[in-house]
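Q: all I have is the shape, not the residue letters:
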């Protein structure tokens, strides 16, 4: 276990596939559970999206008119992240949420420590990643258009993992999007540029998630990861918060019971 993570095991929330607003509500709920002391160690979960989704940073105010049009046409879902950063197109990626109860106060150090497990996991797959060096641009619409010190890139500069954070007191929620196979046609419609092409990974789907989890557990946790599936009452409790992460009322509504069924049923198995 790397120094700085404490002596707690890594809590692992099993993977699920849901709409954007529901995924964001789950992450915010887990952060609040850590703040309340319901879980004292770090938490990690991986997830995919039930349909192509554009997640907008918490403070991102300018929205390209194309995004609303694509959403109205049913080609895209919009959601608002609790974390910062720019827009991320989901659909050909694997997303993670990492919650750290007591991270370093210096943001750059926190980013580096909270991404080290990803670097080791990618190195083990023969694809080493380094941190980006572009300056942060608050007017940047597309998260993957540049790579800051918070992001992981291939040695040639191609950005593979984009990250964003939310701090609540001493607690940290970090979102990360691991690009795998971006939807080329939709990417161009959303951002007006060609989609990046990434070298294929030797693992996909559940195998990729298991590989990442194993490296996260060795880096972050004091022992084997502890499965922490959300319980029925938690799904019901967080259902009322989903509306906070909808963008312009274009996100589909799903009941708490339906969300739990989606997250635990056979359709929730990720396909990579």
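A: Alright, I've got the coordinates. These figures come from a predicted structure and were not determined experimentally. Numbering: from 1, shown residues only.
Q: the helices in the stretch 101-250 of the chain, which residues?
A: Counting by DSSP state H, counting those that start in this stretch, the stretch 101-250 of the chain has helices at residues 107-124, 184-191, 205-220, 232-239.
Q: would you map the strands across the stretch 51-200 of the chain?
A: In the stretch 51-200 of the chain, the strands defined using DSSP state E, counting those that start in this stretch lie at 53-56, 77-80, 88-90, 93-100, 130-131, 152-153, 159-168, 171-179.
Q: can you pull out the low-pLDDT segments for the stretch 151-272 of the chain?
A: Across the stretch 151-272 of the chain, the ranges flagged by pLDDT under 70 are 248-272.
Q: also the stretch 1-150 of the chain?
A: In the stretch 1-150 of the chain, residues with pLDDT under 70: 1-4, 134-149.
Q: 90 instead?
A: 1-8, 40, 59-63, 85, 102, 104-112, 132-150 (pLDDT under 90).
Q: quick one: contacts for residue 154?
A: 127-129, 160, 199 (CB atoms under 8 Å, 6 or more residues apart in numbering). The C-beta positions use only the backbone N, C-alpha and C, and glycine is treated the same way.
Q: run the last query once more with 7 Å
A: The contact partners of residue 154, taken as CB atoms under 7 Å, 6 or more residues apart in numbering, are 127, 129, 160.
Q: cool, and residue 57?
A: 81, 83-86, 164.
Q: with residue 159 as the reference, measure out to it.
A: Separation of residue 57 from residue 159 (CB to CB, to the nearest Å) stands at 16 Å.
Q: equivalent analysis for residue 13, please.
A: With CB to CB as the criterion, residue 13 and residue 159 are 26 Å apart.
Q: re the thing from before, quick one: closest of the helices of the stretch 101-250 of the chain to residue 63.
A: Closest approach to residue 63 among the helices of the stretch 101-250 of the chain (CB to CB): helix 184-191, 11.3 Å.
Q: now for the closest one, which elements pack on it?
A: When contacts are defined as 3 or more CB pairs under 7 Å, 6 or more residues apart in numbering; DSSP states H and E, helix 184-191 sits against helix 65-72, strand 88-90.
Q: pipe those into CSV and attach mean neighbour count and distance to residue 178 per row.
A: Compiled in CSV, the helices and strands packed on helix 184-191 are given as follows (neighbours: other CB atoms under 10 Å; distance: least, CB to CB, whole Å):
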stretch, mean neighbour count, distance to residue 178
helix 65-72, 15, 22
strand 88-90, 24, 11
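Q: is it possible to get TSV of these that adds distance to residue 98?
A: As requested, those are arranged in TSV below (distance: least, CB to CB, whole Å):
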stretch	distance to residue 98
helix 65-72	27
strand 88-90	16
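Q: so which of the ones you listed comes closest to residue 48?
A: Per CB to CB, nearest to residue 48 of the helices and strands packed on helix 184-191: strand 88-90, 7.9 Å.
Q: was I right to think residue 33 contacts residue 43?
A: No. The pair residue 33 / residue 43 is not scored as a contact, 8.1 Å apart, by CB atoms under 7 Å.
Q: the more surrounded of the two?
A: residue 43 (24 against 18; other CB atoms under 10 Å).
Q: return the residues in contact with the more buried one.
A: With the criterion set at CB under 7 Å, 6+ apart, residue 43 makes contact with 11, 13, 30, 34, 99.
Q: can you check residue 155 too?
A: Contacts of residue 155 by CB under 7 Å, 6+ apart are 128, 130.
Q: got a list of what residue 46 touches?
A: 15, 94-96, 209, 212.
Q: so it belongs to a strand, correct?
A: Yes. Judged by DSSP: H, G, I helix; E, B strand; the rest coil, residue 46 forms part of a strand.
Q: no further queries at this time; thank you.
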